[in-house]
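Chemist: fold the following for me, if possible:
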Amino acid sequence: MKKVSSAKNNYFSTSLLVKIAMLAALSVVGSYIKFPGPVGSIALDSLPGYLGVIVVGGGAGALVLALGHLLSALNSGFVLGAIHFLIALIMGICGLIFSNLIKRNIYLAVAVTTFVNGVVAAAVLIPFFGLPFFYGTAPVLTTASFVNISLAVIIAKYLKDKVGS
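Modeler: Got it, this is the predicted structure:
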């Protein structure tokens, strides 16, 4: 019988899974703090995901962002139906973009990710819902994205100062 290696596997460590679960749970809490707009799933649900990108890593944060969106959509009744799965994918991609850019420049990361999450994500939905939906959703989504990302950066800075790396 082959002996199982005791080397740590970072993808399946208990610590990582607990962090992802805690951040996903915080996404549910954030989903109750909504931004007024045409879609009921725009909320502070992505803040824990972006915090996860900074603190835990890009892949884990992207997973939390996708799960967080799905949980927020579930909380608001899946108003866009199956389109929420596409949006969850976009949220995960936004997390990976943020992860790559934050290594270079934090301000650039916030600006680009806010634009992608707010404007590009809303533009992807134009074929499904039309331009009026885009015009109604993009400003609210961009504002919510900026608030979520900025708060994540501030909280990560606070955690680093108080707790350490």
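
Chemist: for the most centrally placed residue in the chain, give me its contacts.
Modeler: Closest to where the C-alpha atoms of the chain average out (CA atoms, centre = their mean) is residue 65, at 3.1 Å. Neighbour list for residue 65: 46, 49-50, 52-53, 88, 91-92, 94-95 [criterion: CB atoms under 8 Å, 6 or more residues apart in numbering]. C-beta here means a position set from N, CA and C on the backbone, and glycine is covered the same way.

Chemist: look up how far residue 33 lies from it.
Modeler: With distances taken as CB to CB, to the nearest Å, residue 65 is found 16 Å from residue 33.

Chemist: and residue 46, by the same measure?
Modeler: With CB to CB as the criterion, residue 46 and residue 33 are 11 Å apart.

Chemist: looking at these two, which has the bigger crowd around it?
Modeler: residue 46 (31 against 12; other CB atoms under 10 Å).

Chemist: hmm, the more buried one is touching residue 145, no?
Modeler: Yes - in this structure residue 46 lies within contact range of residue 145 using CB atoms under 8 Å: 7.4 Å.

Chemist: intersection of neighbour lists for these two?
Modeler: Counting by CB under 8 Å, 6+ apart, the residues touching both residue 46 and residue 145 are residue 117.

Chemist: quick check, pLDDT for the residue nearest to the residue nearest to the centre of the chain when sequence neighbours are not counted.
Modeler: Leaving aside its chain neighbours, residue 65 sits nearest to residue 49 (3.3 Å; criterion: CB to CB, 6 or more residues apart in numbering). pLDDT, residue 49: 98.

Chemist: run through who's touching the helix or strand hosting residue 49.
Modeler: Using DSSP states H and E, residue 49 maps to helix 47-55. With CB under 8 Å, 6+ apart as the test, helix 47-55 has contacts from 19-20, 23-24, 26-27, 30, 60-62, 64-66, 68, 91, 95, 98-99, 102, 113, 147-149, 151-153, 155-156, 159.

Chemist: with stretch 153-165 instead?
Modeler: With CB under 8 Å, 6+ apart as the criterion, stretch 153-165 contacts 47, 50-51, 54-55, 106, 110.

Chemist: where do the helices of the chain begin and end?
Modeler: Assigned by DSSP state H, the chain shows helices spanning 14-30, 47-55, 58-75, 83-102, 106-115, 121-124, 126-129, 131-163.

Chemist: would you mind finding the most buried of the ones you listed?
Modeler: Highest mean neighbour count among the helices of the chain (mean count of other CB atoms under 10 Å): helix 47-55, with a mean of 27.
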